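Coordinates for the following, if possible.
(one chain, ligands or ions: 1)
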Amino acid sequence: MSDEKAVKIPAQKDNLTKAGVADGEVLLKVEGLQKHFPIRKGLLQRQTGAVRAVDGIDFEVRKGETLGVVGESGCGKSTMGRLITRLLEPTGGKVEFEGRDITHLGVGQMRPMRRDVQMIFQDPYSSLNPRHTIGTIVGAPFRLQGVSPEGGVKKEVQRLLSVVGLNPEHYNRYPHEFSGGQRQRIGIARALALNPKLVVADEPVSALDVSIQAQVVNLLDDLQEELGLTYVIIAHDLSVVRHVSDRIAVMYLGKIVELADRESLYTAPMHPYTKALMSAVPIPDPKRRGVKSERILLRGDVPSPISPPSGCRFHTRCWKATEVCKTTEPPLLELRPGQRVACHHPENFEDQQPQETVLLSVAKEAAELVADEVLAESAATSAAVAAEVTATEAEDAVSEEAVSEETVSEDAPAAEDEASEAAEASAAPEEAGEASSETSEK
Ligand SMILES: Nc1ncnc2c1ncn2[C@@H]1O[C@H](COP(=O)(O)OP(=O)(O)OP(=O)(O)O)[C@@H](O)[C@H]1O
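This next block holds a predicted model:
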């Protein structure tokens, strides 16, 4: 990235400056984190149960790394993201940032920390307030934190716009005048305004056209290098996190079932669920075009997080499940250096319960190996995207998109006011966080 594009961030006020941690040291640590959303019924709104969205997870994020978090819809990824950014109040467990316990900090105590932890939201169509100009949106964090950047807010915002590949002259335009990819860049500029240490990106590209996804992923990757950022990137699609993550956590029904470095996870996944997720990812190898592949098709729906299955939560869909899986929850153990897995009968490793040999009846029906006819075709598409992610320079991508998306869209999608307010959370997470937390608890 050229010098004129280097981000110039206002110096943090002395009283807000923290000691910080060195590269590779633990920046964020989560222990036994839980979020149970109460279910209330009747006139008196009595609590009749709870959605166990996140149900006791442990992990850490080291400075400078990218942790990918994957899992099917509803497994608790977004809730986890909102818990670690403290947009939601945890039901249990602990969140530590730079060694400081932030689990139950109040709004006032959290305010200085908001500068260090920012969030990029999934939907660039509803996460920007349609009534605000880009200048106001990207400049909001300065206003909310009472920070006066050197040279003024306008100059700083324009610089941030150019860093994310947008035309600084578009400062006075409104969100509807931009395409999806451009709007996500606006969200990224807003998240970077205060020079955060940790950025949590919740499905940052899933709402975008495939051709634009690679450009945004490349941009995030380049910004990480330039600014020394630490990312937690949430995705339901392993193919997105594959290229950018150093380590990957796989979630299933509110739990982490496997956490490993990228190489180990892709070459020798240990949890059967990880293996099934991996088999659904098209292999981006043009040489294999036309080659039929097999994938594991999991039968049945994901069980409800209101009453998750006993023992291992995956046992109702696992082809290796035995009685012990039904009765005893497997702990998340480091079976290989850097590879933690919660499974009694892991793949690519010795059986942890070898005496358990009788399969549960559900196991025989749980999964099916299917020859994926479509895979060859989708692999070709995926190869194109993957090639772009790995080989394209972000700056090229930026300028390409700037040219191709220069045209102003006339149809402004009517984003809900509420959604926009919530999305301002990355600028003012405490307000939106409290709001969303309140709504969710209702
Ligand atoms: N505010 C809330 N109130 C009640 N239940 C909630 C709330 N937010 C999320 N849930 C429930 O918690 C579970 C986990 O939701 P979450 O959005 O974290 O999953 P996810 O893995 O991010 O899914 P997706 O990829 O679809 O966003 C789901 O069953 C969801 O319905």
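
What residues sit buried inside stretch 302-316?
Going by neighbour count (16 or more other CB atoms under 10 Å), the buried part of stretch 302-316 is V302, P303, P305, P308, P309, G311, C312, R313, F314, H315, T316. (C-beta placed from N, C-alpha, C; glycine too.)

can I assume the first one is in contact with G74?
Yes: in this structure, V302 sits in contact with G74. The criterion is CB atoms under 8 Å, and the distance is 6.2 Å.

Tell me the pLDDT of the residue in the stretch 201-350 of the chain positioned nearest to the ligand.
In the stretch 201-350 of the chain, the residue that lies nearest the ligand is P305 (4.7 Å; CB to the nearest ligand atom). Looking at P305, its pLDDT reads 94.

Please name the residues that touch it.
The contact partners of P305, by CB atoms under 8 Å, 6 or more residues apart in numbering, come to V51, R52, A53, D55, G74, G76, L253, G254.

Could you tell me which residues of the stretch 201-350 of the chain lie near the ligand?
Proximity of the stretch 201-350 of the chain to the ligand, by CB under 6 Å from any ligand atom, involves residues H236, P305.

mind listing the helices in the stretch 201-350 of the chain by residue range?
Under the criterion DSSP state H, counting those that start in this stretch, the stretch 201-350 of the chain contains helices at 210-227, 238-242, 262-267, 272-279, 323-327.

The ones you listed into CSV, with extra columns for mean neighbour count and mean pLDDT?
Shown next, in CSV, are these (neighbours: other CB atoms under 10 Å; pLDDT from 0 to 100):
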stretch, mean neighbour count, mean pLDDT
helix 210-227, 20, 89
helix 238-242, 22, 84
helix 262-267, 17, 92
helix 272-279, 23, 92
helix 323-327, 18, 96
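
got CSV for these, with distance to D116 too?
Listed next are the helices of the stretch 201-350 of the chain as CSV, based on distance: least, CB to CB, whole Å:
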stretch, distance to D116
helix 210-227, 13
helix 238-242, 23
helix 262-267, 25
helix 272-279, 31
helix 323-327, 40
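
So which of those helices is nearest L88?
With CB to CB as the criterion, L88 lies closest to helix 238-242 of the helices of the stretch 201-350 of the chain, at 22.3 Å.

which helices and strands sit right next to that closest one?
In this structure, helix 238-242 makes packing contacts with strand 66-70, strand 230-235, helix 375-391, judged by 3 or more CB pairs under 8 Å, 6 or more residues apart in numbering; DSSP states H and E.

Show me how far it is from its chain's centre.
In terms of CA atoms, centre = their mean, to the nearest Å, the centre of helix 238-242 is set 11 Å apart from its chain centre.

Same check on stretch 178-196?
In terms of CA atoms, centre = their mean, the centre of stretch 178-196 is found 15 Å from the chain centre.

May I see the domains of the protein written out as residue ranges?
As recorded under automatic domain parsing, the domains making up the chain are 28-38+53-245, 255-372.

and those domains as CSV, adding distance to R46?
Formatted as CSV, the domains of the chain follow (distance: least, CB to CB, whole Å):
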stretch, distance to R46
domain 28-38+53-245, 10
domain 255-372, 16
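
These: lowest mean pLDDT?
In terms of mean pLDDT, the lowest-scoring of these is domain 255-372 (a mean of 88).

just the helices in the stretch 51-200 of the chain please.
With DSSP H, counting those that start in this stretch, the ranges of helices along the stretch 51-200 of the chain come out as 77-84, 107-110, 134-145, 153-163, 180-192.
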